[in-house]
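In: Based on what follows, work out the 3D shape:
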Amino acid sequence: MVVHNVPSPKDFINSGLGFLNLAWDMICAPHYYLDNAGIFTLGEKESKAYWTAYLNEMKTTLVLIHQAIEFVLKGNIATISPYLLIINKPKDYPKLNNKHFVNFADFNTIDSHDLPKIYNTFCEKQLDDKFRNHYERLRKFRNSVIHTVDPNLNITIKELFILILETYTLLRLDEKWVENRINYINTNVYNYAEEPDSGNYRLYYEFKFAERYLSAKQKEKYFGFTKARRYICSNCLNDAFCNEFPFSAQLEPNTKDSTNLVCRLCNENIRVIRKKCSSLSCKSNVLFEDNTCAICFEKAKS
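Out: Alright, predicted model coming up:
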């Protein structure tokens with residue numbers, strides 16, 4: 001083969017998801033900074049100053065989100081043929097090197113503006129108007145960051161959380177966002193720098209950050225949380241040493257005699273028993289099989 005190092009569809013898609021996860025890291029980071037400093041609320045003046053100081057990072061996040069979409073679209077086009085991504089005219093093809101081959105990366109690939117049209121021409125699953133409008137909005141954001149300095153470009157942390165979650169949803173990938181995120185955490189540098197197997201609990205903290213900015217409908221759309229009561233997930237709790245109970249599980253089905261909890265983050269099914277909590281101050285009647293309450297975590301005496 002004359003063309004070497006041709007990326008596979010999976011290569012493109014994994015790179016795209018890496019960009020999206022990095023964008024998520026960047027918008028979670030300032031919340032970690034505050035929590036680690038013991039600052040859980042900011043006054044209006046302090047809040048404005050804090051997020052203004054983080055504005056450049058927030059703008060960079062827009063670029064990463066756009067790149068994520070671009071690479072996932074390229075990955076889908078590459079399932080037909082990666083050579084559809086090349087835009088060079090034959091006379092402009094890169095010359096063979098001294099080993100008589102050329103690397104795929106030496107070619108020019110299609111401009112981001114043309115990706116949706118090429119995708120819809122060759123791929124069976126069509127991009128609808130909602131996706132194209134979302135992509136075009138991000139493309140303009142990205143151009144404002146990359147090509148100029150736009151003093152009118154303002155983006156909020158709330159908008160960024162929603163942009164990432166909506167982007168992932170519109171990409172119609174097989175995994176839920178939380179599944180993709182936990183895989184990223186467990187194979188990334190966190191797995192070496194933090195407590196072993198602390199991924200689930202990190203994901204819980206990240207959800208807590210995002211939850212501040214999401215409506216009830218958005219929490220259900222992006223994470224599966226309904227308005228029903230939440231319970232401690234024993235799987236996330238056991239995942240690592242923590243100083244807060246992860247209330248991320250809900251009864252499924254949500255009935256008075258249901259004996260199954262499902263964690264909306266780690267997706268674990270947890271069997272429970274329906275018995276009144278032994279604590280007089282707790283009204284829960286959902287206990288784990290060891291008689292520990294799924295709300296206050298008090299264990300009934302034998």
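In: can you give me the helices in the stretch 201-302 of the chain?
Out: Counting by DSSP state H, counting those that start in this stretch, the stretch 201-302 of the chain has helices at residues 216-223, 234-239.
In: what is the mean pLDDT for the last one?
Out: Read that as helix 234-239. Across helix 234-239, pLDDT averages out at 78.
In: Kindly tell me how buried Cys293 is, as a neighbour count.
Out: Neighbours of Cys293 under the rule other Cβ atoms under 10 Å: 23. C-beta coordinates here come from the backbone N, C-alpha and C atoms, glycine included.
In: Who does it form a beta bridge with?
Out: For Cys293, the beta-bridge partners under DSSP bridges are Leu287.
In: I'd say it and Lys276 touch.
Out: No: in this structure, Cys293 is not within contact of Lys276 by Cβ atoms under 8 Å, at 9.3 Å.
In: okay, and the common contacts of those two?
Out: Common contact partners of Cys293 and Lys276 (Cβ atoms under 8 Å, 6 or more residues apart in numbering): Ser284.
In: Which parts of this structure belong to which domain?
Out: Split into domains by automatic domain parsing, the chain comes to 3-174, 199-288.
In: Helix or strand for Glu70, just tell me which one.
Out: Element membership for Glu70 (DSSP states H and E) is helix 55-78.
In: Mind giving me the packing neighbours of that helix?
Out: Helix 55-78 makes packing contacts with helix 9-36, helix 115-122, helix 129-146, helix 157-170 when contacts are defined by 3 or more Cβ pairs under 8 Å, 6 or more residues apart in numbering; DSSP states H and E.
In: among those, which is the most enclosed?
Out: With neighbours defined as mean count of other Cβ atoms under 10 Å, these peak in mean count at helix 157-170, which reaches a mean of 19.
In: helices or strands up against it?
Out: Secondary elements touching helix 157-170 (3+ Cβ pairs under 8 Å, 6+ apart): helix 9-36, helix 55-78, helix 129-146, helix 177-187, helix 199-211, helix 216-223.
In: so which of the ones you listed gets nearest Glu268?
Out: helix 199-211 (8.6 Å; Cβ to Cβ).
In: From the chain's centroid, how far away is that closest one?
Out: For helix 199-211, the separation from the chain centroid amounts to 11 Å (computed by Cα atoms, centre = their mean, to the nearest Å).
In: Now do that helix, average pLDDT.
Out: Averaged across helix 199-211, the pLDDT comes to 90.
In: Can you check what angle separates that helix from helix 9-36?
Out: On the basis of axes from the mean of the first three to the mean of the last three Cα atoms, to 10 degrees, helix 199-211 is oriented at 70 degrees to helix 9-36.
In: Go ahead and list the helix or strand containing Ser47.
Out: With DSSP H and E as criterion, Ser47 is part of helix 44-53.
In: and the helices and strands packed on helix 55-78, which one is worst for confidence?
Out: helix 129-146 - the lowest mean pLDDT of the helices and strands packed on helix 55-78, at a mean of 90.
In: That helix packs against which elements?
Out: helix 55-78, helix 115-122, helix 157-170.
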